[in-house]
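Asker: structure, please.
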Amino acid sequence: MTTVAVKPATMAQALTRAMRDAMAADPSVHVMGEDVGTLGGVFRITDGLAEEFGADRCTDTPLAEAGILGTAVGMAMYGLRPVVEMQFDAFAYPAFEQLVSHVAKMRNRTRGKLPLPLTIRIPYGGGIGGVEHHSDASEAYYMATPGLHVVTPATVADAYGLLRAAIASDDPVVLLEPKRLYWSKDSWNPEEPSAVEPIGRAVVRRSGRSATLITYGPSLPVCMEAAEAARAEGWDLEVVDLRSLVPFDDETVSASVRRTGRAVVVHESGGFGGPGGEIAARVTERCFHHLEAPVLRVAGFDLPYPPPMLERHHLPGVDRILDAVGRLQWEAES
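Answerer: Model prediction:
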């Protein structure tokens, strides 16, 4: 039996490996997008794929997001498995009509006869000193579109596993990749069977008893830091990483909140109309008799993404999370 050495890897490397492995295993997998070929993508996530598999399977496209996604729809209808990269989160908006009108509806429109095995990779979120159109947290738009799966990794292993699962899915999947975590590192062995995680399952990253922090993607490291800082206040926080926004894992989330009796939802997207409202409603419906305080949200402010010098104030941080936890304790005692 051969033992595979486990080495530190970045999330970017895991995503590249996921596409390389999928392309090697299945000739119907094609990667396409702006600068994904010769350049290897703005963040170099597709680096080396064109050289290894050729320009026909890792293809540079014009700067036309609606055209890119429309082309991918046709490819998927004819039996291919396109993997589309939208260069930045807000760059995907011109393709939104294709996404809503065709990508999300095709299987239902054909009564299940025509699946659409299409993966849409979208680098998203802030924390890199970017400006508007380069730092949006746009997950609420995709979550509100029936017919899509929506996933977002927060660890190196999940980046590989969720992308492989997305490419293998016969339903369209929006994979939201946290830009600020591209260079995060962890020990990871892609040869382990557990490296491919099923879509639709959350995971408890840290056990606790005082309250549950429900989060995903770029906000997971912040919540883990907040949970450590909370020990000084005598609070023992549990942290749930959703991983999959659609389908949503009510079972894991509800079990956690029933144990702790309190919950805070943390995400970069704006609070009004954001994912936290839906998550809080689901938690309240399923855990009402276990809650000792209202479900609270810590989110980005309800404004367009600010200039780089102000983003640290805009994004949820440890202090804002701990303030919300403190309010939970006050609500329970009052």
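Asker: when you work out contacts or count neighbours from here on, use the C-alpha atoms and nothing else.
Answerer: Noted.
Asker: quick one, domains of this protein?
Answerer: 8-187, 203-329 (automatic domain parsing).
Asker: end-to-end on the first one?
Answerer: This points to domain 8-187. 4 Å (C-alpha to C-alpha, to the nearest Å).
Asker: can you check stretch 200-219 too?
Answerer: Termini of stretch 200-219 sit 19 Å apart (C-alpha to C-alpha).
Asker: ok, stretch 305-320 next?
Answerer: 18 Å.
Asker: residue 196 is nearest to which of the domains of the chain?
Answerer: Residue 196 lies closest to domain 8-187 among the domains of the chain, at 3.7 Å (C-alpha to C-alpha).
Asker: what's the offset of that closest one from the middle of its chain?
Answerer: Averaging C-alpha positions (C-alpha atoms, centre = their mean, to the nearest Å) puts domain 8-187 11 Å from its chain's average.
Asker: check the offset of the lengthiest strand in the chain from the chain's centre.
Answerer: The residue-count maximum for a strand in the chain (DSSP state E) belongs to strand 263-270. Computed by C-alpha atoms, centre = their mean, the chain-centroid distance of strand 263-270 equals 13 Å.
Asker: following it, which helix or strand comes up?
Answerer: Toward the C-terminus, strand 263-270 is succeeded by helix 275-287 as the next helix or strand (DSSP states H and E).
Asker: next, the angle from that next one to strand 263-270.
Answerer: Orientation of helix 275-287 against strand 263-270 (axes from the mean of the first three to the mean of the last three C-alpha atoms, to 10 degrees) gives an angle of 160 degrees.
Asker: what comes up buried for helix 275-287?
Answerer: 275-277, 279-280, 282-284, 286-287 (16 or more other C-alpha atoms under 10 Å).
Asker: for that helix, packing partners?
Answerer: Contacts defined by 3 or more C-alpha pairs under 8 Å, 6 or more residues apart in numbering; DSSP states H and E place helix 275-287 against helix 139-143, helix 250-260, strand 263-270, strand 296-300.
Asker: helix or strand for residue 222, which one?
Answerer: Here residue 222 is assigned to helix 220-229, by DSSP H and E.
Asker: and the contacts of that helix?
Answerer: For helix 220-229, contacts defined as C-alpha atoms under 8 Å, 6 or more residues apart in numbering pick out 154, 206, 213, 215, 236-239, 241, 266, 316-319, 321-322.
Asker: switch to 6 Å and redo it
Answerer: 237, 318 (C-alpha atoms under 6 Å, 6 or more residues apart in numbering).
Asker: in its sheet, what does the helix or strand just after that helix sit against?
Answerer: Elements were assigned by DSSP H and E; along the chain past helix 220-229, the next helix or strand is strand 237-241. The strands that strand 237-241 pairs with in its sheet are strand 203-206 (antiparallel), strand 211-215 (parallel) (by DSSP bridges).
Asker: which residues touch strand 237-241?
Answerer: 202-208, 210-216, 227.
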